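S.K.: please find the sequence and the predicted model below.
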Amino acid sequence: MEVLELDKQKEKDIVDICLLAGRIMLKSGAETHRVEDTMIRIGKAMGITDSQSYVTPTGILFSIEPTSNSYFSRISERSTDLHKVDEVNSISRQLTGGKLTVEAAREQLKKIERTSHVYSLWIQVVVAAFVSGCFTIMFDGSWFDFLPALLAGGTGFFAANYFHRFIEIRFFAEFLASMIIGVLAYFFVSIQWGVEIDKIIIGSVMPLVPGLLITNAVRDLMVGHLVAGLSKGAEAFLTAFAIGAGIAVVLSFL
């Protein structure tokens, strides 16, 4: 009975650490194949040579053997925090190299899960505003369009985050934010603060474009994770469609 209890406790420790590592990475914007690979490597470092991991953008399935019980972890929210992904990868490498104990790894993973590296909303808005202005110049806009793009892009990014607090579906938040960007761009050009409305709009919507999501979708498809790649691609398409639809609605009425 004591041996059985020890085996159960070891299994619980392995499952907890692997699921915790996978959950942190998936919530932080890692590709699904990277999450699976990290979980399997952690399992091997803990003496499990035939662990099974299946990851989708919304959930993780893990078992220590093909015929053993499977454990599931639901992922409801995802963001972008690549620093956390790097930290979990570092812990995985240390475990594999025997430089870290199981208990120390568990404590570090829990600390990573509690820590947030996300900047405050106002810092994000300021950065998004300058990025919008710079993208406008990069897309052959004139310096007269820099300030309008800066103001429209910052306002649109703030609106997207503000609306998302009250509207759980990101499609509508991004749709409304892009409409605001279109209205502001038209307004600035009409009062002669800007020259080319198309360049202002293109630069202003760039902070809303799901670049990481598109990259992960392509990478997952390239390594054969068709379900994850297609679902992420569909999510990216809906975001792009929301942005385009919001701008189209504004321009069709003005």
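M.R.: Arrived safely, thanks for sending.

S.K.: all strands of the stretch 1-150 of the chain, in order?
M.R.: With strands called from DSSP state E, counting those that start in this stretch, the stretch 1-150 of the chain shows them at 52-56, 59-63, 71-74.

S.K.: got the angle for the first one vs strand 59-63?
M.R.: In this structure, strand 52-56 runs at an angle of 180 degrees to strand 59-63, with axes from the mean of the first three to the mean of the last three Cα atoms, to 10 degrees as the basis.

S.K.: so how far is strand 52-56 off the chain centroid?
M.R.: Chain-centre distance of strand 52-56: 18 Å, with Cα atoms, centre = their mean, to the nearest Å.

S.K.: now swap in the second one and tell me
M.R.: Centroid separation between strand 59-63 and its chain, computed with Cα atoms, centre = their mean, is 19 Å.

S.K.: what's it packed up against?
M.R.: helix 2-27, helix 32-45, strand 52-56, strand 71-74 (3 or more Cβ pairs under 8 Å, 6 or more residues apart in numbering; DSSP states H and E). Yep, even glycine has a C-beta here, placed from its N, CA and C like the rest.

S.K.: now the first one and strand 59-63, what's the angle there?
M.R.: When you say that, I think you mean helix 2-27. Here helix 2-27 points in a direction 150 degrees away from that of strand 59-63 (the same axes, to 10 degrees).

S.K.: can you check the second one too?
M.R.: Note on geometry: by the same axes, to 10 degrees, helix 32-45 and strand 59-63 are set 30 degrees apart in direction.

S.K.: closest one to Val125 among the helices and strands packed on strand 59-63?
M.R.: Val125 sits nearest to helix 2-27 of all these, at 22.9 Å, using Cβ to Cβ.

S.K.: now do the buried residues in that closest one.
M.R.: 11, 14-15, 17-27 (16 or more other Cβ atoms under 10 Å).

S.K.: repeat for stretch 49-61
M.R.: Judged by neighbour count using 16+ other Cβ under 10 Å, the buried positions of stretch 49-61 are 51-57, 60-61.
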